[in-house]
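Engineer: have a look; sequence and predicted model below, questions after that.
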Amino acid sequence: MKRLAILLSGRGSNFEAIAARIRAGALDAEIAIVISNRPDARGLETARALGITAVSLPSKGVAREEYDTLLADEVERHAVDLVCLAGFMRLLSPRFVRRFPLRILNIHPSLLPAFPGLDAQHQAVEHGVKVSGCTVHFVDEYLDAGPIVKQAAVPVLDSDDSDSLSARILDEEHRIYGEAIGLILEGNWRIEGRRVVAGK
Ligand code: GRF
């Protein structure tokens, strides 16, 4: 059985969607560990309620490189096949990324490369785009930048504010993150330049 680590900082709804997909038998994997850099993250409580090992590894006051070493050590202890960032609000240093090459995924609430960084849905509304969405991508050492695994688009309506757009995007996040994880774990893919394409 393939093993996942989930890294989160808050609400954890993407984590819940992944856990639900596994329970429903639609994703052949197990969540070996949930780690939060914020001790008060709701995702930690949810994990414990689901009987999943949950670790709080506070980042406050710890130097980045030091933190990333602690985090990578913790992840490694659980011998996971894939690390899934799910609302993990930190940029991972090259030191972390290099320890898990092509084994870290992230979900971002925009159609990358549009609107990387914080408040992507707000950026989309402010910019006036008519379509936005979400992206699952491999994590490299740059912000929201690695090869794209899967995307889904949603319309931006005249009546939208960033909350209503976020809710529409979130539904798609919950769907495509699990699908993307399944695809990557199956292993029938390769990287060509920046492209993730089907076939070994
Ligand atoms: C999601 O919008 C995700 O795309 C972004 O942070 C949010 C996390 O939400 N990276 P949740 O904690 O999974 O509910």
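Structural biologist: Great, that's in hand.
Engineer: how's the protein carved up into domains?
Structural biologist: 1-100, 107-135+149-200 (automatic domain parsing).
Engineer: so which of those domains is nearest the ligand?
Structural biologist: Ranking the domains of the chain by proximity to the ligand (CB to the nearest ligand atom) places domain 1-100 first, at 2.7 Å. (C-beta placed from N, C-alpha, C; glycine too.)
Engineer: picking up where we left off before, in TSV: the domains of the chain, plus mean pLDDT and distance to the ligand.
Structural biologist: TSV is the format used below for those (pLDDT from 0 to 100; distance: least, CB to the nearest ligand atom, whole Å):
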stretch	mean pLDDT	distance to the ligand
domain 1-100	97	3
domain 107-135+149-200	98	4
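Engineer: which one of the ones you listed lies closest to residue 141?
Structural biologist: Residue 141 lies closest to domain 1-100 among the domains of the chain, at 4.1 Å (CB to CB).
Engineer: circling back: so can I have TSV of the domains of the chain showing distance to residue 142 and mean neighbour count?
Structural biologist: Listed next are these as TSV, based on distance: least, CB to CB, whole Å; neighbours: other CB atoms under 10 Å:
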stretch	distance to residue 142	mean neighbour count
domain 1-100	9	18
domain 107-135+149-200	9	16
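Engineer: how about those domains in a markdown table, adding distance to residue 143?
Structural biologist: Shown next, in a markdown table, are the domains of the chain (distance: least, CB to CB, whole Å):
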| stretch | distance to residue 143 |
| --- | --- |
| domain 1-100 | 6 |
| domain 107-135+149-200 | 5 |
